[in-house]
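Visitor: I'd like to go over a predicted model; first the sequence, then the structure.
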Amino acid sequence: MARDTELDELLKIELFAALEAEALRAVVFGAEMRLLRAGDTLFRKGEAADCGYLLTKGSIALEAGEPGRPADRILQPVVLLGEIALIAATTRPMTALAREPTTVLKISRALFHQTLEKFPATAARVRQLFKDRLANFVTGLKLEAE
């Protein structure tokens, strides 16, 4: 991904759409590029998660079960893996494997938090995004219970 020319593509990701343009640039340019070969493991189910990964090229198979079983989901660019890990400590719910030569940007939680501190308007928008998601989740639970 050409970091300058394809920032607009990232706005399709809800979390990134909440970021001011300068905040988004800070996250993308502060991220670490990782190149994976077909079959490389990006992360394993149950591992501590301290970062998110932006899939920019290739594809990632997500597997919740036993190794060697069919993938539960195949991800294509542009997608963010580990969004919650950008906000809070958590563990990986699935294993992620590169299906082909793949490029990801590793966004550390520390970088994301520094960006939120530097851009208070972005922090407020991200907080509102998660507040709205939680409210929608609770409403859905109430509707299911009725």
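Guide: The structure has been received and is ready for your questions.
Visitor: now do the contacts for the nearest residue to Leu80 once chain neighbours are set aside.
Guide: Of all residues not flanking Leu80 in the chain, Ile13 sits nearest, at 5.1 Å (CB to CB, 6 or more residues apart in numbering). C-beta coordinates here come from the backbone N, C-alpha and C atoms, glycine included. Applying CB atoms under 8 Å, 6 or more residues apart in numbering, we find Ile13 in contact with Leu54, Val78, Val79, Leu80.
Visitor: same question, Leu24
Guide: Counted by CB under 8 Å, 6+ apart, Leu24 has contacts Leu7, Leu10, Leu11, Phe16.
Visitor: give me the buried subset of these.
Guide: Taking 16 or more other CB atoms under 10 Å as the criterion, what is buried in those is Leu7, Leu10, Phe16.
Visitor: okay, those in CSV with distance to Thr122 and pLDDT next?
Guide: Below are the buried ones among the contacts of Leu24 laid out as CSV (distance: CB to CB, whole Å; pLDDT from 0 to 100):
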residue, distance to Thr122, pLDDT
Leu7, 14, 77
Leu10, 14, 88
Phe16, 10, 95
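Visitor: nearest to Val27, of these?
Guide: Phe16 (7.7 Å; CB to CB).
Visitor: check contacts around the closest residue to the closest one other than its chain neighbours.
Guide: Spatially, and ignoring its direct neighbours in sequence, Phe16 is nearest to Leu10 (4.4 Å; CB to CB, 6+ apart). By CB under 8 Å, 6+ apart, Leu10 lies in contact with Phe16, Leu24, Val28, Leu54, Val78.
Visitor: just Glu117 next, same as before
Guide: Ala123.
Visitor: on that earlier part again, any idea which of the contacts of Ile13 has the most stuff around it?
Guide: Leu54 (23 neighbours; other CB atoms under 10 Å).
Visitor: low pLDDT regions in this structure?
Guide: 1-6, 66-69 (pLDDT under 70).
Visitor: now the top helix by length along it: buried residues?
Guide: If you go by DSSP state H, the chain has its longest helix at helix 120-145. For helix 120-145, a neighbour-count test (16+ other CB under 10 Å) marks Thr122, Ala123, Arg125, Val126 as buried.
Visitor: packing partners of it?
Guide: helix 14-17, helix 109-118 (3 or more CB pairs under 8 Å, 6 or more residues apart in numbering; DSSP states H and E).
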